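J.: Build me a model from this:
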Amino acid sequence: MITIPTIILTCIFCLLILSVSKKNLIPIYIFAMCFVPADQAVVIAGLDFKVLRILALFGLARIIITGDSTRYRANKIDNLVVIWAVVGAISFSLLWGTFQAVINRAGTIVDLLVIYYVFRVYVNSIDSIYRIGWSLVISIIVLTPFVTYEYIYAENPFSIFGRNAISFREGRIRCSGAFSHAILLGSFSASIAPIALGLYKTNAIKTRKLKYKLTSILGIICSIMVTIFSASSGPMIALISGLLLTTFYRFRFSFPLLLKLTILVLFILHLIMKKPVWHLIARVDFAGGSTGYHRYLLIDKAIIHFNEWALIGVKSVADWGIWAGDVTNMYILQGVQGGSITFLLFFLLIYRMLNIFWKYTLNMSNGYNRIMAWGIFCSTATHAVSFISVAYFGQIQMLLILLLATASLMHNITPPPKKEIKRPLKQTKPNRKDHLMK
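T.: You can find the predicted model right below:
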């Protein structure tokens, strides 16, 4: 049941969505994502209207009222997002074959495509991308005191909004804040560190103002703190991967070669190891009490049982021998719920996002824009790593949709690679005075 404070906060956000300027609209959604629990909903005629769905519909209403959609032009990324959502919904509906399944997927499509459409309309310039980055950094700074309180006193301060769950692992509290699970909070905070670092380097070149530098540094510190407080190995690995990747900015032109070498090393390890190379996941434990073996087993069983889910998915994975039948892998979840086509479409979306952000760092002449794009690239990479250990649900899905909208914008403004054009040498005309002297 939705709480009164949540209703009040939701009404405030809805009013802000309708009244703020265009440039401040996306930050409203970011703050709502961080501070409003995703499971809070209003039930009308048997239909669940969760808070984030309500905010998405208010964003759509604003577009209709103001006519802001005139700036929106669909591209290949937009089409791919729509195809992924529709194919997944159709596969899931065919798999279960019930009217309830159709209603469920219809709600999923509304949540995904409506909020994506809102983001695509208002993420319309490079300035809006910087605004998104600063909003994420400020949100993690504001969120950190609440998470610190939860870590010290084992009480979730967001209980006033209906988020009462507290989880422990080996005597340590796993902080979740307003997010649906501790690992989701950790994945969110881990993804902000590369963006904060990119903003720090950008302002060191662009403005050199102390307040921006201090905000960026504080954002990095808070991002690391919240990730640690989530007490989850997956986000810790994602955080380390993202920060390590930021150091490769100077070698970004050679990144495809580095990626190929990494794949080659993993292939060699796969050949010489007694167990598959993905068994390495079972050996990683940064937080203590990690369930890495479950992640390894899930990947292994998904490969073994490929024929069961390849067409349109599978209703249950209980017979796979997986702990509690829990699909804690975003990639595998796509296959389990929608078959191999949905799985491939999602994988292609992640690849295209990373490829667009990477190409932006190569082709743009503006130095600080390249640095910021690299920070976004590294942030997206942290999500790609997190997907191995968790399947996103709740409000963090809004962040994934926001990244997709950002990639779509950059797809429109990234120029093609420059090609060398051989021009004939100009024949200089002889100087008349020199001719007369001769």
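
J.: where are the low-confidence patches of the chain?
T.: 1, 45-47, 70-72, 204-208, 286-290, 324, 365, 414-438 (pLDDT under 70).

J.: mind listing what's buried in the helix or strand that contains residue 351?
T.: Taking DSSP states H and E as the definition, residue 351 sits inside helix 330-363. The neighbour-count criterion (16 or more other CB atoms under 10 Å) identifies 330-343, 345-347, 349-350, 352-354, 356-361 as the buried residues of helix 330-363. Every C-beta, even on glycine, is put in place using the N, C-alpha and C of the backbone.

J.: can you map out the helices along the stretch 201-350 of the chain?
T.: Here the stretch 201-350 of the chain has its helices, by DSSP state H, counting those that start in this stretch, at 210-229, 233-246, 255-272, 292-304, 306-309, 330-363.

J.: how far out from the middle of the chain is the second one?
T.: Here the centre of helix 233-246 is set off from its chain's centre by 14 Å, with CA atoms, centre = their mean, to the nearest Å.

J.: Check which helices and strands it sits against.
T.: helix 182-206, helix 210-229, helix 367-386 (3 or more CB pairs under 8 Å, 6 or more residues apart in numbering; DSSP states H and E).

J.: Could you check the ones you listed and tell me which one is nearest residue 149?
T.: The minimum distance between residue 149 and those falls on helix 210-229, with 10.3 Å, by CB to CB.

J.: Just the CA coordinates for the closest one, please, in PDB.
T.: Only the C-alpha atoms of helix 210-229 are listed here, as PDB (Å, rounded to 0.1, in the frame of the first residue of the first chain):
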ATOM      1  CA  LEU A 210      37.100  25.200  -7.700                       C
ATOM      2  CA  LYS A 211      33.500  24.500  -6.800                       C
ATOM      3  CA  TYR A 212      33.100  22.200  -9.800                       C
ATOM      4  CA  LYS A 213      36.300  20.300  -9.000                       C
ATOM      5  CA  LEU A 214      35.300  19.900  -5.400                       C
ATOM      6  CA  THR A 215      31.800  18.700  -6.400                       C
ATOM      7  CA  SER A 216      33.300  16.100  -8.800                       C
ATOM      8  CA  ILE A 217      35.800  14.800  -6.200                       C
ATOM      9  CA  LEU A 218      33.000  14.600  -3.600                       C
ATOM     10  CA  GLY A 219      30.900  12.700  -6.100                       C
ATOM     11  CA  ILE A 220      33.700  10.200  -6.700                       C
ATOM     12  CA  ILE A 221      34.200   9.700  -2.900                       C
ATOM     13  CA  CYS A 222      30.400   9.300  -2.300                       C
ATOM     14  CA  SER A 223      30.100   6.800  -5.200                       C
ATOM     15  CA  ILE A 224      32.800   4.600  -3.800                       C
ATOM     16  CA  MET A 225      31.400   4.800  -0.200                       C
ATOM     17  CA  VAL A 226      27.800   3.900  -1.300                       C
ATOM     18  CA  THR A 227      29.200   1.000  -3.400                       C
ATOM     19  CA  ILE A 228      31.100  -0.300  -0.300                       C
ATOM     20  CA  PHE A 229      28.000   0.100   1.900                       C
END
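
J.: Use 33 as the first number from now on
T.: Got it, the first residue is 33 from now on, which makes the last one we talked about helix 242-261.

J.: Provide the angle between the direction of that helix and the direction of helix 214-238.
T.: 160 degrees (axes from the mean of the first three to the mean of the last three CA atoms, to 10 degrees).
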